[in-house]
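[1] Give me the fold of what follows.
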Amino acid sequence: MRRIVAILLLIIVALGIRQSLAKIPFGAPKTKVGRYYINEGVEETGAVNIVTSVVVNYRGFDTLGEVTVLFIAAIGLGATLTASTKREMRKTQPASLVLYTGCRFLFPLILVFGSYIFIHGHLTPGGGFQGGAIIASGFLLIYLGCRERRINRIASNLAESLGGLTFVVIGLLGLVFGGYFLLNFLPKGTANTLFSAGIIPIIYIAIGFKVGSELAGIIDNLIEES
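    Here you go, the predicted model:
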């Protein structure tokens, strides 16, 4: 009986997908909203990366909510691990030569690459979340290869706080200058140049620092607990 029900559901889903695809030419925007973003996004936001213009400009308030969720998750994990069993000091086993060498020479390159990703998020694929995740992966390499090192908690918390504060302040300035939150009030500049897209690069830099600091802090808490 279960197999019959599963087969019927698969047939219904397949027919629905086929019916949807049959009405839309391949490669055409699925909605009028998507068509509007593609046709008007560069002119209105100055960002040639349309995904960036949607994430940071058209639905920037939603992105602020996503950053807030990540912040709450990091706080919850830290509180959970802090309240758990008492940690015992144990001797750390040295890492292999490959990991030890990699953490010494690759870490600064990873930081530079992650910074490049979120600074150029309005020009190329990437952005604050992706760049922050790359930076956090550099700290993970440090923990795996140079096991005696830990992040500076004060600097990490400062970077995280400044990133979130910058995001909110820019949004409030848009409210002051244009009447709604996260208005792109700065000059758009020339498309395809670094200094373009108004507030979008600034927000992505703030998100990059905030996400990188939060993920690095999560990794640090998990490493210490393990």
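[2] Tell me which stretches of the chain form helices.
    According to DSSP state H, the chain carries its helices in the segments 2-22, 32-45, 50-52, 60-82, 97-105, 107-119, 128-145, 153-178, 200-225.
[3] For G189, find the nearest of the ones you listed.
    helix 200-225 (9.7 Å; C-beta to C-beta). Backbone N, C-alpha and C define where each C-beta goes, glycine included.
[4] what's the average pLDDT for the closest one?
    Mean pLDDT, helix 200-225: 88.
[5] buried residues in it?
    Residues of helix 200-225 classed as buried by neighbour count (16 or more other C-beta atoms under 10 Å): 200-201, 203-221, 223.
[6] Lowest average confidence across the helices of the chain, which one?
    Here the helices of the chain differ in mean pLDDT, and the lowest is helix 2-22 at a mean of 78.
[7] Please name the nearest non-neighbouring residue to the residue most central in space within the chain.
    With distances taken as C-alpha atoms, centre = their mean, the residue of the chain nearest its centroid is F129 (1.2 Å). Spatially, and ignoring its direct neighbours in sequence, F129 is nearest to V211 (5.5 Å; C-beta to C-beta, 6 or more residues apart in numbering).
[8] Quick check: the gap between the residue nearest to the centre of the chain and L99.
    Distance of F129 to L99, computed by C-beta to C-beta, to the nearest Å: 26 Å.
[9] Please apply the same query to I7.
    Noted for I7: a distance of 49 Å to L99, by C-beta to C-beta.
[10] what about those two, which has more around it?
    A count of neighbours by other C-beta atoms under 10 Å puts L99 above the other of I7 and L99, at 18 against 10.
[11] shouldn't the more buried one be in contact with I142?
    No. Contact between L99 and I142 fails when scored by C-beta atoms under 8 Å: they sit 9.8 Å apart.
[12] correct me, but F181 touches L173?
    No. Look at F181 against L173 with C-beta under 8 Å: they stay out of range, at 9.6 Å.
[13] neighbours around V48, how many?
    17.
[14] Contacts only, for it.
    Contacts for V48 (C-beta atoms under 8 Å, 6 or more residues apart in numbering) come out as V42, H122, L123, A191, N192.
[15] how about these in JSON lines, adding neighbour count?
    Shown next, in JSON lines, are the contacts of V48 (neighbours: other C-beta atoms under 10 Å):
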{"residue": "V42", "neighbour count": "19"}
{"residue": "H122", "neighbour count": "30"}
{"residue": "L123", "neighbour count": "18"}
{"residue": "A191", "neighbour count": "15"}
{"residue": "N192", "neighbour count": "12"}
